[in-house]
Structure formats: structure tokens, C-alpha cells
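> just a sequence and a predicted model for now, questions to come.
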Amino acid sequence: MTQNLLVIGSGIMGRGICYAGAVGGFKVTLQDISEQALVNAKNEIDSILRKGVDRGKLTLQEEEGAKGRISYTSDLLNATKLVDFVIEAVPENIEIKKDVFTKLDSNCPPHTILASNTSTMSPTELGSFTDRPDKVIAMHFFNPVHKMKLVEIIRGLETSDETCRHVEDIAKHMKKETVLINEFPGFVTSRISSLVGNEAFNMLMEGVGTPKEIDRAIELGLNYPMGPFKLGDLVGLDTRLKNLEYLHKTLGERFRPSPLLIKYVKAGRLGKKTGKGVYDYQSEGQMDESKLLVN
């Protein structure tokens, strides 16, 4: 059984995966090139663990046990020495991922499985950067990781059945439900989510409704736990745009990014991480309609 888990990237997804791994009983190393990012990640993970205790979802012993199983480092090469399983959670940029997978393949033990938390990119292509394509797979978590149940597992062309079974077992220990699918651009969930989010921006641009009303309609009418604008702001509108650009390139016109989404990203309004996206998180309540970039 996997014991030593390495998570590459301490952003929103990386720190969430680190939390899930530690609570699931794995010894987890969280690696990032930024020391400040690691400090921020540790503070947030500690906060989520404390809230878990306060809400009765974790015991004090489970909280302390999880904290004790996490280590933080900026030294990638040292972190790879004894690792059994890696989950990469760096930005959705193929050149960055290529660099990471090449280094992992060169330095991890031969038995180590290499997974990517990508929401759109090809595990077959990622596997081609290594000499172990049978041990490369996509393991798509959802934000916020500590609340969302699903892990979408995507096998590449060369991914072995053994690797798939191992990843399903790891997700089970993290208390996640899984779906195992064959690779195709956007997988299942990203294709649907990207279409809904993009169409919401088109409706906003057309004046169909305010962000609040569109979100409310989707939440109550279609039983989505979070409306497309709230979700986009949480994930990051720049990330949403990159996903759409990739899907537009690979799957065609129906994924062409909304001009309004492009305008928001150009304006630097990327969501919660910048304080403003569709909604304004620097002041209470919904952003005034007069502040929306709809013209």
C-alpha cells in the first residue's frame, strides 16, 4: 500500500489534496517553489482541520495525527527520494507540467505512480514525457477538496489496469467516490462545467439577468450546489478561460470563450484570489450592476 504521498504545488487544489491525503492516513509532503506559498498552505490546512474538529467531523486525535503526517518543502529533488505516489497540482500549462513530469520520472523510485490533477490535459501526453507511461494517470479532484466527494480518474493510452486499481484505492482511503473514464479532451465534468460557465457569461453579456439571479436559477432550478459565477470565481476565471481555450482548440466552436469572460481576465478580475471576479469580495454583498464589465 502507498504510504508516502508527494503533492506538487501548494495552491488551492494542492493544499486541499494534501489535507485529504493526511486525513486519509498517508504521510504527505507538500512541495512548492515558494516558501511563502507553503506558509499560506499550512495555515489554511491547519484552519480546515480545526474547523473539522469544531464541527464534530474530526476528533482531536485525528487532527493532531493529520498534522503530524504533513511536511512542507521547497526542495523537489529531495522530496522524491522515498515517494510512492505523486499528485501534481501545478498550473494548467503543458510546458510547466512537462518540466515537472520529466524531473519526477528522473528522480522518483521506479515503482512510483505519477498522477496529475489536471482538469483537461492528456494523461497520455504527460506519460510521453516519462519512461513509465503505464504509471501515469490523471486524478481530477474538485474544489473545495475537503468537501467535494468525487475524484475523476482518467486513464491514458498506456495506463495499466494495476495503476488504475491503485489510484482507486488511494482515493477510497481519502474517503472519495470515483469514476474511471477513458481519456478524451475535457473528460466528463470539465466539459459540462465549462459549457455551463461559458453560457452563463454569454447570458450576462446579453443582459438576461444579474450574476446573482443567474446563479440562483442554476442552483435552485438545476440543483447545482454552486452557481456558475460563484464556481468560476472560486476556481479562478483565468483557469476557466484556459480550460475553454484548450477545449475550443481540441473540440471546436461550442467551447469558444465568451468575450465577456475574456474581458474579465484582461481586467485582472480573476475571482476570489484577486478580491474581484464576477463578484466583489473586497466589500460585502453582490457587486453593483454598474460595476460589471458588460459593455
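Yep, it's here. Numbers count the residues shown, from 1 in each chain.
> would you map the strands across the stretch 1-150 of the chain?
Listed in chain order, the strands of the stretch 1-150 of the chain (DSSP state E, counting those that start in this stretch) span 4-8, 27-31, 70-73, 85-88, 113-116, 136-140, 150-155.
> mean pLDDT and mean neighbour count added to these, as a markdown table?
For glycine as for every other residue, the C-beta is placed from the backbone atoms N, C-alpha and C. Formatted as a markdown table, the strands of the stretch 1-150 of the chain follow (pLDDT from 0 to 100; neighbours: other C-beta atoms under 10 Å):
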| stretch | mean pLDDT | mean neighbour count |
| --- | --- | --- |
| strand 4-8 | 97 | 26 |
| strand 27-31 | 97 | 24 |
| strand 70-73 | 97 | 17 |
| strand 85-88 | 98 | 25 |
| strand 113-116 | 98 | 26 |
| strand 136-140 | 96 | 26 |
| strand 150-155 | 95 | 22 |
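> nearest to residue 275, out of those?
Minimum separation from residue 275 across the strands of the stretch 1-150 of the chain (C-beta to C-beta) falls at strand 27-31, 24.9 Å.
> angle of the closest one against strand 4-8?
20 degrees (axes from the mean of the first three to the mean of the last three C-alpha atoms, to 10 degrees).
> which stretches of the chain form helices?
12-23, 35-54, 60-68, 76-79, 94-107, 123-128, 161-173, 189-206, 211-221, 228-235, 237-251, 259-266 (DSSP state H).
> from residue 13, how far off is residue 46?
Per C-beta to C-beta, to the nearest Å, residue 46 is found 18 Å from residue 13.
> these two - which one has more neighbours?
Taking other C-beta atoms under 10 Å, residue 46 and residue 13 do not tie; residue 13 has more neighbours (23 against 15).
> leaving out the residues flanking it, which one is nearest to the more buried one?
Leaving aside its sequence neighbours, residue 13 sits nearest to residue 89 (C-beta to C-beta, 6 or more residues apart in numbering; 4.6 Å).
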